[in-house]
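1. what follows is a predicted structure for the sequence shown.
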Amino acid sequence: MTNWSRPLKYAAAIALIAVAYFIGVRGPVDDGADGASTTAPDPGYAARDAQVIETGYDGRERYRLNARVIRQRTESGVIELEDLTMNYHVGSQDKLPGASAPASTTGDVWHLTSDHGQVRANGDDVELNGNVRVVGPAPGTGEALSLATESMRINTPTEFIETSAPVRLRWSGHELDARGMQADLKAGTLRLESDVNGHFYPK
């Protein structure tokens, strides 16, 4: 009777070496799953009925955002907001760092609402989208102003507000429709870009 035990042991050893080499070359079997999917980026935090407060270099409040939902994306640093309200303090950055003159505070506050918004990583740029509504003092006159549009960008250090979307503006007995608007709150100017149509009502 032939003894096969030793040849079988050799064959088994060779088979184990071959399998180990195959795995080393091809890598571990993962049932088709991409290795990158197991190391997905951190989605950041999310909160309901939360608040974001941005202050300037001198500690004064630039703006205060309240939102039904806030999400932060760690890969970009962008904060996303839903159903938000914003109080934006005009004149809170009217003094350069190191200036000897005391900062003047106008006390003017713009109240803004929108369906969605984004705040960039540095907090300087705020973008609003969907049913954007603004109420506040008109630049240069201080008279009550209300504005409706679908998108708006606010740069808080420069106090510059702009949109390229259609705008409806009401103030001092006037109602104006236009496409695009730029408001320089530091300079006290507001400009409607194109397709301007207006109605004037007696006070």
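-> Sure, I can see it. Predicted, not measured: the structure shown is a model, and the values here were computed from it. Residues are numbered from 1 along each chain as shown.

2. moving C-terminal from the lowest-mean-pLDDT helix or strand in the chain, which element do we reach first?
-> Within the chain, confidence by mean pLDDT, DSSP states H and E is lowest for helix 5-26 among all helices and strands, at a mean of 47. As assigned by DSSP states H and E, the chain's next helix or strand after helix 5-26 is strand 46-55.

3. after that next one, which helix or strand is next?
-> strand 61-72.

4. who does that next one touch, helix- and strand-wise?
-> Packed against strand 61-72, as judged by 3 or more Cβ pairs under 8 Å, 6 or more residues apart in numbering; DSSP states H and E, are the following elements: strand 46-55, strand 79-89, strand 109-119. Glycine gets a C-beta too; all of them are placed from N, C-alpha and C.

5. 6 Å instead?
-> In terms of contacts (3 or more Cβ pairs under 6 Å, 6 or more residues apart in numbering; DSSP states H and E), strand 61-72 is packed against strand 46-55, strand 79-89.

6. CA atoms of the last one as PDB?
-> Read that as strand 79-89. Output in PDB follows, covering the C-alpha atoms of strand 79-89 (Å, rounded to 0.1, in the frame of the first residue of the first chain):
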ATOM      1  CA  ILE A  79     -22.100  75.700   7.400                       C
ATOM      2  CA  GLU A  80     -25.500  74.900   5.800                       C
ATOM      3  CA  LEU A  81     -28.700  76.300   7.300                       C
ATOM      4  CA  GLU A  82     -32.400  75.700   6.800                       C
ATOM      5  CA  ASP A  83     -35.300  78.000   7.700                       C
ATOM      6  CA  LEU A  84     -33.100  80.800   8.900                       C
ATOM      7  CA  THR A  85     -33.400  84.200  10.400                       C
ATOM      8  CA  MET A  86     -30.500  86.600  10.500                       C
ATOM      9  CA  ASN A  87     -29.900  89.900  12.300                       C
ATOM     10  CA  TYR A  88     -27.100  91.800  10.600                       C
ATOM     11  CA  HIS A  89     -25.600  94.800  12.400                       C
END
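
7. flag the shaky bits of the chain, pLDDT-wise.
-> Applying pLDDT under 70 to the chain flags residues 1-44, 92-107, 199-203.

8. and stretch 60-67, what's buried?
-> Residues of stretch 60-67 classed as buried: 62-67 (neighbour count, 16 or more other Cβ atoms under 10 Å).

9. what of stretch 158-178?
-> So for stretch 158-178, counting by 16+ other Cβ under 10 Å, buried means 159, 161-163, 167, 169-171, 176, 178.

10. which one of these is nearest to Val119?
-> Using Cβ to Cβ, Ile161 comes nearest to Val119 of those, at 14.9 Å.

11. now do the closest one against Leu147, distance only.
-> 9 Å (Cβ to Cβ, to the nearest Å).

12. follow-up on the earlier one: tabulate the buried residues of stretch 158-178 (JSON lines), appending secondary structure and distance to Gly188.
-> Shown next, in JSON lines, are those (DSSP: H, G, I helix; E, B strand; the rest coil; distance: Cβ to Cβ, whole Å):
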{"residue": "Glu159", "secondary structure": "coil", "distance to Gly188": "10"}
{"residue": "Ile161", "secondary structure": "strand", "distance to Gly188": "13"}
{"residue": "Glu162", "secondary structure": "strand", "distance to Gly188": "16"}
{"residue": "Thr163", "secondary structure": "strand", "distance to Gly188": "19"}
{"residue": "Val167", "secondary structure": "strand", "distance to Gly188": "18"}
{"residue": "Leu169", "secondary structure": "strand", "distance to Gly188": "16"}
{"residue": "Arg170", "secondary structure": "strand", "distance to Gly188": "19"}
{"residue": "Trp171", "secondary structure": "strand", "distance to Gly188": "14"}
{"residue": "Leu176", "secondary structure": "strand", "distance to Gly188": "18"}
{"residue": "Ala178", "secondary structure": "strand", "distance to Gly188": "19"}
